[in-house]
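Peer 1: quick one: sequence and predicted model below, then my questions.
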Amino acid sequence: MDSELQALASNQNWTLTSLRPGKTPIGCKWVYKIKNHSDGSIERYKARLVAKGYSQTEGLDYHDTFSPMAKMITGENQVCRLNKSLYGLKQASRQWFAKLSEAIQAAGYIQSKVDYSLFTCKKGKSFTALLIYVDDILITGDLKFFLGIEVSRSTKGISISQRKYTLDILKYGGSLGARPVCFPMEQNLKLSDAGDLLTKPAKYKRLVGCLIYLTITRPNITYVVHVLSRFMHEPRKPHMEAALCILKYLKTPRQGPFFPAQNNLKLSAYCDSDWAGCPTTRRSTTGYCVFLGNSLISWRTKRQKTVSLSSAETEYRAMAGTCCELSWLRSLLQDLQLSHPEAATLHCDNTAALHLAASPVFHERTRHIEMDYHFTRDKIQEGLTVTKYVASAQQIADVFTKPLGKDAFTSMLRKLEVLDIHSPT
């Protein structure tokens, strides 16, 4: 705590002053945390003084940093007027990032226009990429562990996983000794608002929150976690049982995406949808996965905003969402000094949706669809995307839209290149 106060004082975060009439000081509190090494050993004890920014009121003191601190031992009616931002204030994160961005760009880095947290610098043959994550900085290099993500290298390629984080989740859920299962959700299972309410919903909410972060390296549980997150407000017994089933599936903690060393850099994607799959709202679910060569680099499961009148329409909307992701990735590759002159291939298993994307004459079928969903057609005409039919049995994106049986799920998993490189098989 003394070190924190000394750091704030040396940084001249505040000046002592009297409280002006009509001004209300914002309180403060201490936040304590133990920082650990990747092996779980203690690195250091940390104390942070934060402002109670939740008490700020828009229009009154949201943009005013006068007297943001109180309850300091500074004498009667003495408060601290902030000269610089402090953790906890509603403006703090934006001010911190603005100051950091200014310093990084002054050092010769260029800020990406498609991801403002990415900065790149190229000098001759040297290229450096710098990524901001909250208050951490990731620089390209021989990275092995970052924010719970473990990186394993071999001559064949790179694999990422969240082994320790997965084991922590299993321990929290009491499933370290549970018998493993082959897939995360029973086929054809439809969760709804039926069932007894949980008496202690906090455990379910925390468990699902942990699983959401785990989807960074476990695309195979993305759909199931997406479904469970719909019931965070009122979780019920069937929802908890489904969450515990995921934990049994996670008994292979080193599993994660594999990026082969020998690979081309061509973008391709698979998109799919589950028409009216939500039993509560009858909305459809969109799922897609994007590959750079043979490497899975992006995936998503999302419930569509409106009810679709046909399977062709919901597939067409899924194609539009995937095209947006492909366009963003193309721009991101350019920032990373990787040109992509070829058209990205978009695979879809619905012939009607493919015709809608390629032909502008389906007026009766499409006039009720918002204009932004015709984005796919524009990209095809511009030569940036080319569509291709894929049989439903080969539709990899199925794993992001519905629960599959053991054989189908295992087959899709192999195609996604999600594996455990430490497995003897």
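Peer 2: The structure has been received and is ready for your questions. Numbering: from 1, shown residues only.
Peer 1: can you give me the helices in the stretch 301-425 of the chain?
Peer 2: Taking DSSP state H, counting those that start in this stretch as the test, the helices found in the stretch 301-425 of the chain are 311-335, 351-358, 363-366, 375-381, 406-415.
Peer 1: so which bits of the first one are buried?
Peer 2: Just to be clear, that refers to helix 311-335. Residues 311-323, 325-327, 329-330, 332-333, 335 are the ones in helix 311-335 that count as buried (16 or more other CB atoms under 10 Å). Where you see a C-beta, it was placed from the backbone N, CA and C, and this is true even at glycine.
Peer 1: what angle sits between that helix and helix 351-358?
Peer 2: With axes from the mean of the first three to the mean of the last three CA atoms, to 10 degrees defining the directions, helix 311-335 sits at 50 degrees from helix 351-358.
Peer 1: the chain should start at 55 in everything you say after this.
Peer 2: Sure thing, new numbering starts at 55, so read that last one as helix 365-389.
Peer 1: tell me which helix or strand in this protein has the weakest average pLDDT.
Peer 2: Using mean pLDDT, DSSP states H and E, the weakest-scoring helix or strand in the chain turns out to be helix 417-420, at a mean of 57.
Peer 1: nearest to Glu240, of the helices of the stretch 355-479 of the chain?
Peer 2: For Glu240, the closest of these is helix 460-469, at 10.4 Å, according to CB to CB.
Peer 1: quick one: average pLDDT of stretch 312-319?
Peer 2: Averaging pLDDT along stretch 312-319 yields 87.
Peer 1: quick check: end-to-end length of that stretch?
Peer 2: End-to-end distance of stretch 312-319 (CA to CA, to the nearest Å): 15 Å.
Peer 1: what about this protein, any weak spots by pLDDT?
Peer 2: Judged by pLDDT under 70, the chain has its weakly predicted residues at 111-131, 195-196, 414-427, 475-479.
Peer 1: domains in it, by residue range?
Peer 2: If you go by automatic domain parsing, the domain ranges for the chain are 56-143, 145-195, 214-303, 317-444.
Peer 1: could you export those domains as JSON lines, including distance to Lys456?
Peer 2: Formatted as JSON lines, the domains of the chain follow (distance: least, CB to CB, whole Å):
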{"stretch": "domain 56-143", "distance to Lys456": "36"}
{"stretch": "domain 145-195", "distance to Lys456": "30"}
{"stretch": "domain 214-303", "distance to Lys456": "7"}
{"stretch": "domain 317-444", "distance to Lys456": "5"}
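Peer 1: of all those, which one is nearest Leu467?
Peer 2: Shortest distance between Leu467 and the domains of the chain, using CB to CB, is found for domain 214-303: 5.7 Å.
Peer 1: what about stretch 308-316, distance to the chain center?
Peer 2: Distance of stretch 308-316 from the chain centroid (CA atoms, centre = their mean, to the nearest Å) equals 19 Å.
Peer 1: can you give me the buried ones in it?
Peer 2: Buried residues in stretch 308-316, defined by neighbour count with 16+ other CB under 10 Å: 308-313.
Peer 1: closest to Asp474 out of the domains of the chain?
Peer 2: Proximity to Asp474 (CB to CB) singles out domain 214-303 among the domains of the chain, at 7.6 Å.
Peer 1: can you give me the end-to-end distance of the closest one?
Peer 2: Taking CA to CA, the first and last residues of domain 214-303 lie 18 Å apart.
Peer 1: again with stretch 58-72
Peer 2: The first residue of stretch 58-72 is 23 Å away from its last residue (CA to CA).
Peer 1: burial count for Lys153?
Peer 2: Neighbourhood size, Lys153 [other CB atoms under 10 Å]: 12.
Peer 1: distance check, it against Ser147.
Peer 2: Distance, Lys153 to Ser147, by CB to CB, to the nearest Å: 11 Å.
Peer 1: what helix or strand does Leu224 sit in?
Peer 2: Assigned by DSSP states H and E, Leu224 falls within helix 217-226.
Peer 1: quick one: residues in contact with the very next helix or strand once past that helix.
Peer 2: Following helix 217-226 in sequence order, the next helix or strand is helix 255-268 (DSSP H and E). The contact list for helix 255-268, computed with CB atoms under 8 Å, 6 or more residues apart in numbering, reads 202, 216, 219-220, 222-223, 226-227, 252, 275, 279, 282-283, 286, 288-289, 293-294, 297, 300, 304.
Peer 1: any idea how far helix 255-268 is from the chain center?
Peer 2: For helix 255-268, the distance to the chain centre is 15 Å (CA atoms, centre = their mean).
Peer 1: tell me where the stretch 105-254 of the chain has strands.
Peer 2: Assigned by DSSP state E, counting those that start in this stretch, the strands in the stretch 105-254 of the chain fall at 132-136, 164-165, 172-177, 180-187, 190-193, 199-200, 203-208, 211-215.
Peer 1: got those as JSON lines, with mean neighbour count and distance to Asp474 columns?
Peer 2: JSON lines is the format used below for those (neighbours: other CB atoms under 10 Å; distance: least, CB to CB, whole Å):
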{"stretch": "strand 132-136", "mean neighbour count": "19", "distance to Asp474": "50"}
{"stretch": "strand 164-165", "mean neighbour count": "14", "distance to Asp474": "37"}
{"stretch": "strand 172-177", "mean neighbour count": "16", "distance to Asp474": "30"}
{"stretch": "strand 180-187", "mean neighbour count": "14", "distance to Asp474": "26"}
{"stretch": "strand 190-193", "mean neighbour count": "12", "distance to Asp474": "24"}
{"stretch": "strand 199-200", "mean neighbour count": "13", "distance to Asp474": "17"}
{"stretch": "strand 203-208", "mean neighbour count": "16", "distance to Asp474": "10"}
{"stretch": "strand 211-215", "mean neighbour count": "20", "distance to Asp474": "8"}
